[in-house]
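Peer 1: Pasting the sequence and the predicted coordinates here, then a few questions.
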2 protein chains.
Amino acid sequence: MFLERVNSPEDVKKLSVEELSVLSDEARKALLTKLSEHGGHIGPNLGLVEVTVALHYVFNSPVDKIVYDVSHQSYIHKMLTGRKEAFLNSERYDDVSGYSNPDESAHDHFTIGHTSTSVSLACGLAKARDLKNERYNVIALIGDGSLSGGEALEGLNNAVEQGTNMIVIVNDNEMSIAENHGGMYGNLRKLRETNGEAECNLFKAIGFEYYYVGDGHNFNELLPVLEKVKDTDRPVLIHIHTIKGKGFAPAELNKEIWHWGMPFELETGKSKFDFGSEEDYAGLTAEYLLDKMKSTPELVAITSGTPTVFGFTKDRRQKAGKQFVDVGIAEEHAVALASGIAKNGGKPVYGVYATFIQRTYDQLSQDLCVNNNPALILVFAASVYGMNDVTHLGLYDIAMMSNIPNLVYLAPATKEEYFAMLEWGIHQNEHPVAIRVPAMGVISSGMADNTDYSVINKYQVTRKGSDVAVVALGDFYQMGETICDSLSEKYGINATLINPKFITGLDTELLEELKVNHKLVVTLEDGILEGGFGQKLASYYGVDSIKVKNYGIKKSFPDRYNPEELLKENGISVEQIVEEIGNLL
Amino acid sequence: MFLERVNSPEDVKKLSVEELSVLSDEARKALLTKLSEHGGHIGPNLGLVEVTVALHYVFNSPVDKIVYDVSHQSYIHKMLTGRKEAFLNSERYDDVSGYSNPDESAHDHFTIGHTSTSVSLACGLAKARDLKNERYNVIALIGDGSLSGGEALEGLNNAVEQGTNMIVIVNDNEMSIAENHGGMYGNLRKLRETNGEAECNLFKAIGFEYYYVGDGHNFNELLPVLEKVKDTDRPVLIHIHTIKGKGFAPAELNKEIWHWGMPFELETGKSKFDFGSEEDYAGLTAEYLLDKMKSTPELVAITSGTPTVFGFTKDRRQKAGKQFVDVGIAEEHAVALASGIAKNGGKPVYGVYATFIQRTYDQLSQDLCVNNNPALILVFAASVYGMNDVTHLGLYDIAMMSNIPNLVYLAPATKEEYFAMLEWGIHQNEHPVAIRVPAMGVISSGMADNTDYSVINKYQVTRKGSDVAVVALGDFYQMGETICDSLSEKYGINATLINPKFITGLDTELLEELKVNHKLVVTLEDGILEGGFGQKLASYYGVDSIKVKNYGIKKSFPDRYNPEELLKENGISVEQIVEEIGNLL
């Protein structure tokens, strides 16, 4: 087995071209074995086996520097750069992250998990090289799906201006996570159909020297082009056609489903993970919106390349027809589009992961909130229980969004509240509204929510008590209930429990009332403390005798953490909080 | 005079083509008169006179909807849509804002001041139109300089996908604010040189039906193309060549200087405003960096289309040579580029307006701070005394940036501190660092600053007192001094004065010490309160008996405000604060 002997790219270079093919087969097999047992990004890595092997055969990493866009396709790169044990030895599967990671290897230059950044980051590496009068290759490898993101296009435009060695590899597998969207993909198709010969060429228009590789799984096509551009003195772009999921029939057949997955049976592709029939907010949201679309022709659901974040699987997208828009990876456009639709009497609902809404601060502020247009945004996985890779955290949305004027950011605690907010958010015409969709499962109160959400910043007192008031935001509301129960049990304290529902404003009337017979207000929020919800209450009560204790995660970038442990480190568990309240009273 | 009779676009449509030329001359003359007396955006508006007249001649605004990118070129549009008095009558000059504004007219659809948003916003208008089965034209007018922004490229890509009526007009005046930068401008030049006939065409590559107008000041060229595309059923792009500053010789000659200006003498172009010889942070910064570049070849200054924000006028850019990079309007790229440069041993310094750093939240978080690369960012006009148009406010940077982990955001109070921080920021290798450049003039303490800024979050106690501590951040430090003087004078209170210097962390050791003999901590910051600096202290002291009073601007979008008035409305003046402290003690 060649793979077992590959401890660094040096060992790849020793092989013959025929042996590279054997190595690739071994790598693909190891990849499939690990993925079937461990889960991870499947299609992107299967499609890039030969390209990665060829890169390490031709170039001299880490002196030559390869930057992987979004980097969920860097598994083979990891195998070839001293980390093969994390793929061959099941006990060491978790030695490596699912993304490029400079802490793991000198062959990784950045921690990357958001798309469309590789060309710009690589431009930086190249610029520093040039300033220092050094000579080596800088390579950015970017998928066709990531090309639609604004930062990628800014990067391409400036890579050409920079004018020195820079090799951009476009891995064209004709897919984003779902299918691609946008006019440029017509040009990519035309280039594939003409074997790169079409005169009208997006990349040439931007100024790149352009090469086309029709079969990205064939070393006889890959190697000559890579060797030709090696040590070039100018910006070059190689457009390589690959097959997403290459070598695993189910993944080649259904590319969207097999982009990422949980453990599966290698023979059949059947998932080992029983998703069960439990309802989730994604599916519930899509069904609600599909139904609503029938009576509301101006309602339109928008995604930026992640349609299933709010349940829009392929069949549901077909059902929605023109009332569903996938803008591709283009979060900025999505927010501005929603603002424009709302301005002109449409009813846009943009579903997005908390980690990716980060890409739109200025669009939220300028395109949407300065204009005060009534678009609705659904923010998913905004929680310590969301994705736990450092690049995909959902801990910062409150700090980022809730300080933008005019936005009404809502935090439902139950299924009933969520759908009442959704209903109100769609039909109201007064505010840009966002909803922080609970991330700890669908919890039903069993009670209809008849709240009039047009009365902004009205908190709900769900238990009236004294001495201590627990203000428990969104999906931490249920923790607030348990805390109050425990306070009663342990100390005989009859605490007030408040479901604030509104993240973006204070219910000052209620806060004034609390002063009468409360000594302590406790806030709970599922995100970072700094710039968040609770600190606003602390400031409000700053000169009063009432005390305020804020619970949340201390500002940081935790990586692959255990949620319960992270919470405990931050003093957040029922036991810790009850004890601290006991001490404070 | 035709212009006096134009109360709406209807009145433009009544004119003959010859009369349109006369109207254009009148409009240009009125524009120049107002600009010479009032200041404003000069080049962009002079260059767009005929195009705007032609648009209102051919199309039927406001049923047909025109969206102006960045909208600082919408003055002629305002003249023709019922707002001519704001250009003809000097007493009414301030009736209109410098940007499109739906509060002024139904012909304006959005409040816009940041670039690269028009196509996406127009896509939204068009999508709502299509959902409602309505029929009219939606037009996005965007300058060549704005094309390099990621949101513009995302918008173009998706306008084509949308596939219905959408007319994008690219106003190609061969300039951004300064000269253009990026590979795509080579293609625009080629298209101009070939009268739009070059086969390799960026816009066709994205999928647009493409038209070229070589002389955007000639109605005989403009009108036939506009009439041809009117009521099209698909996405069309018209590339129009215009001359920035057209009709005013000084502005045609020096396009960068005449992009925007203060009042000037119409005959000579000489500024009526005496800038004097007072030093400012822009010029001081550029001179400092130019000098530093000589001994530090890996130092590179970066701008995203606004080089003079930190003093890099044309001559200084030439002096810096390869150590100055203008990426064009591409803020996201600028931050990622800086991160890449820092990663590879370069020393990047990115100078940017506070209002535009907003366009890079995710790049700050993911590309820079997750990677903890030691890039330096200089944030200008971050103040209530910065630009006061609602689209250009510098009030939100602390809330946006300071809650991003790993970033060290510094607030100097004096010239000496600023340069000490700049020096440290360039040479350190530990953190991403940003400096909030004071916006209230260059104030020298006369004392060298020998602070070791590598000791993070160490505040400086500048006066040691008791009872009340005034924590006065950045350019509000001098107000803190005056408040302490006044407290002493008025109440005999010997207040402690603190210059925190670090926005992104608490000096908990000092905060603990204050508990001993202080009853009240007052924070002052030059920005919005919510999510800002002071609220973190309030949260820190939440369960202590020490009181905290935070001063800052309440979260809002003020427009064309008077700074002193805005501050007073928010309780911020020496008199108000001293009195309130007196009451609180």
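Peer 2: In hand now; what should we look at? Numbers count the residues shown, from 1 in each chain, chains lettered A, B, ... in the order given.
Peer 1: What number of neighbouring residues does the residue of the stretch 201-350 of chain A found nearest chain B come out with?
Peer 2: Nearest to chain B, among the residues of the stretch 201-350 of chain A, is A:Gly340, at 1.7 Å (CB to the nearest CB). Glycine gets a C-beta too; all of them are placed from N, C-alpha and C. Using other CB atoms under 10 Å in any protein chain shown, A:Gly340 is surrounded by 34 other residues.
Peer 1: give me phi/psi at A:Thr81?
Peer 2: phi -120, psi 50 (degrees, to the nearest 10).
Peer 1: Need the phi and psi values for A:Lys415.
Peer 2: Taking degrees, to the nearest 10, you get phi -60, psi -40 for the backbone angles of A:Lys415.
Peer 1: mind checking how far it is from A:Asp280?
Peer 2: Using CB to CB, to the nearest Å, one gets 11 Å for the distance from A:Lys415 to A:Asp280.
Peer 1: before we move on, what about A:Lys127?
Peer 2: 45 Å.
Peer 1: Equivalent analysis for A:Glu332, please.
Peer 2: With the distance defined as CB to CB, A:Glu332 ends up 28 Å from A:Asp280.
Peer 1: Chain neighbours aside, what residue packs nearest to A:Glu287?
Peer 2: Computed as CB to CB, 6 or more residues apart in numbering or on different chains, the closest residue to A:Glu287 that is not its neighbour in sequence is A:Gly311, at 7.1 Å.
Peer 1: ditto for A:Gly346
Peer 2: A:Gly346's closest residue in space is B:Ala128 (CB to CB, 6+ apart), at 3.4 Å.
Peer 1: Who are the contact partners of the one you found?
Peer 2: A:298, A:340-346 (CB atoms under 8 Å, 6 or more residues apart in numbering or on different chains).
Peer 1: The same query, at a cut-off of 6 Å, please.
Peer 2: Applying CB atoms under 6 Å, 6 or more residues apart in numbering or on different chains to B:Ala128 gives the contacts A:341, A:344-346.
Peer 1: related to what we said a few turns ago, A:Lys127 and A:Asp280: who's more crowded?
Peer 2: With neighbours defined as other CB under 10 Å, A:Lys127 and A:Asp280 compare such that A:Lys127 has more, 27 against 12.
Peer 1: What residue spans form the domains of chain A?
Peer 2: Chain A breaks down by automatic domain parsing into domains covering A:3-261, A:281-436, A:460-584.
Peer 1: A:Thr462: neighbour count?
Peer 2: For A:Thr462, using other CB under 10 Å, the count is 17.
Peer 1: Name the next helix or strand downstream of the strand or helix carrying it, please.
Peer 2: Assigned by DSSP states H and E, A:Thr462 belongs to strand A:460-463. Elements were assigned by DSSP H and E; along the chain past strand A:460-463, the next helix or strand is strand A:467-472.
Peer 1: For that next one, what does the pLDDT average out to?
Peer 2: Across strand A:467-472, the average pLDDT comes to 98.
Peer 1: which residues are in contact with the helix or strand just after it?
Peer 2: Later in the chain than strand A:467-472, the nearest helix or strand by DSSP H and E is helix A:477-491. Contact with helix A:477-491 is made by A:413, A:470, A:472, A:493, A:495, A:497, A:499, A:524, A:574, A:577-578, A:582, as judged by CB under 6 Å, 6+ apart.
Peer 1: Which of those ranks first by neighbour count?
Peer 2: The residue in those with the most neighbours, by other CB under 10 Å, is A:Val470 (29 neighbours).
Peer 1: which residues touch the residue lying closest to A:Gly542 once chain neighbours are set aside?
Peer 2: Leaving aside its sequence neighbours, A:Gly542 sits nearest to B:Val548 (CB to CB, 6+ apart; 3.8 Å). The contact partners of B:Val548, by CB under 6 Å, 6+ apart, come to A:542, B:521, B:537-538, B:541.
Peer 1: now B:Val548, which residues is it bridged with?
Peer 2: On the basis of DSSP bridges, B:Val548 is bridged to B:Val521.
Peer 1: picking that back up, which one of the contacts of B:Val548 is nearest A:Asn165?
Peer 2: B:Leu537 (49.5 Å; CB to CB).
Peer 1: what's the neighbour count on the closest one?
Peer 2: Count around B:Leu537 with other CB under 10 Å applied: 27.
Peer 1: for it, helix, strand, or coil?
Peer 2: Of the three states, B:Leu537 takes helix under DSSP: H, G, I helix; E, B strand; the rest coil.
Peer 1: picking up where we left off before, so the residue nearest to A:Gly346 is in which element?
Peer 2: helix B:118-131.
Peer 1: any idea of the angle the following helix or strand past that helix forms with helix B:118-131?
Peer 2: Once helix B:118-131 ends, the next helix or strand along the chain (criterion: DSSP H and E) is strand B:138-143. Taking axes from the mean of the first three to the mean of the last three CA atoms, to 10 degrees, one finds strand B:138-143 and helix B:118-131 inclined to each other by 180 degrees.
Peer 1: Check the offset of strand B:138-143 from the chain's centre.
Peer 2: 20 Å (CA atoms, centre = their mean, to the nearest Å).
Peer 1: what's the answer for stretch A:253-265, then?
Peer 2: Its chain's C-alpha centre and that of stretch A:253-265 lie 18 Å apart, by CA atoms, centre = their mean.
Peer 1: What residues sit buried inside that stretch?
Peer 2: The neighbour-count check on stretch A:253-265 (16 or more other CB atoms under 10 Å in any protein chain shown) flags A:255-259, A:261, A:264 as buried.
Peer 1: All the strands of the stretch 301-450 of chain A, in order from the start?
Peer 2: According to DSSP state E, counting those that start in this stretch, the stretch 301-450 of chain A carries its strands in the segments A:324-326, A:347-353, A:376-380, A:408-410, A:433-436.
Peer 1: Any residues of the stretch 1-150 of chain A in contact with chain B? List them.
Peer 2: When proximity is defined as CB under 6 Å from any CB of the partner chain, the stretch 1-150 of chain A approaches chain B at A:110-111, A:114, A:117, A:120-121, A:123-125, A:127-128, A:131-132, A:148, A:150.
Peer 1: okay, among the residues you listed, which ones form the most distant pair?
Peer 2: Taking CB to CB, no two of those sit farther apart than A:Lys132 and A:Ser148, at 33.4 Å.
Peer 1: For A:Leu3, give me the pLDDT.
Peer 2: Reported pLDDT for A:Leu3: 96.
Peer 1: number of nearby residues for the nearest residue to it once chain neighbours are set aside?
Peer 2: Nearest in space to A:Leu3, with sequence neighbours left out and distances taken as CB to CB, 6+ apart, is A:Glu26 at 4.3 Å. Using other CB under 10 Å, A:Glu26 has 19 neighbouring residues.
Peer 1: Equivalent analysis for A:Asn7, please.
Peer 2: Neighbour count for A:Asn7, taken as other CB under 10 Å: 12.
Peer 1: who's in contact with it?
Peer 2: Residues near A:Asn7 by CB under 6 Å, 6+ apart: A:Gly82.
Peer 1: Check whether it sits in a helix, strand or coil.
Peer 2: coil.
Peer 1: now it: how far from chain B?
Peer 2: Per CB to the nearest CB, to the nearest Å, A:Asn7 is found 25 Å from chain B.
Peer 1: Over to A:Gly465?
Peer 2: 19 Å.
Peer 1: how about A:His144, what does it touch?
Peer 2: Just to correct that, residue A:144 is Asp rather than His. Contacts for A:Asp144 (CB under 6 Å, 6+ apart) come out as A:172, A:188.
Peer 1: so how far is B:Val390 from it?
Peer 2: On the measure of CB to CB, A:Asp144 and B:Val390 end up 38 Å apart.
Peer 1: re earlier: settle it for me: which of A:Lys132 and A:Ser148 has more neighbours?
Peer 2: With neighbours defined as other CB under 10 Å, A:Lys132 and A:Ser148 compare such that A:Ser148 has more, 30 against 13.
Peer 1: where does the stretch 301-450 of chain A come near chain B, residue by residue?
Peer 2: Within the stretch 301-450 of chain A, the residues that sit near chain B (CB under 6 Å from any CB) are A:327, A:330, A:332-333, A:336-337, A:339-341, A:344-346, A:358-359, A:361-362, A:365-367, A:370-371, A:390, A:399, A:403, A:405.
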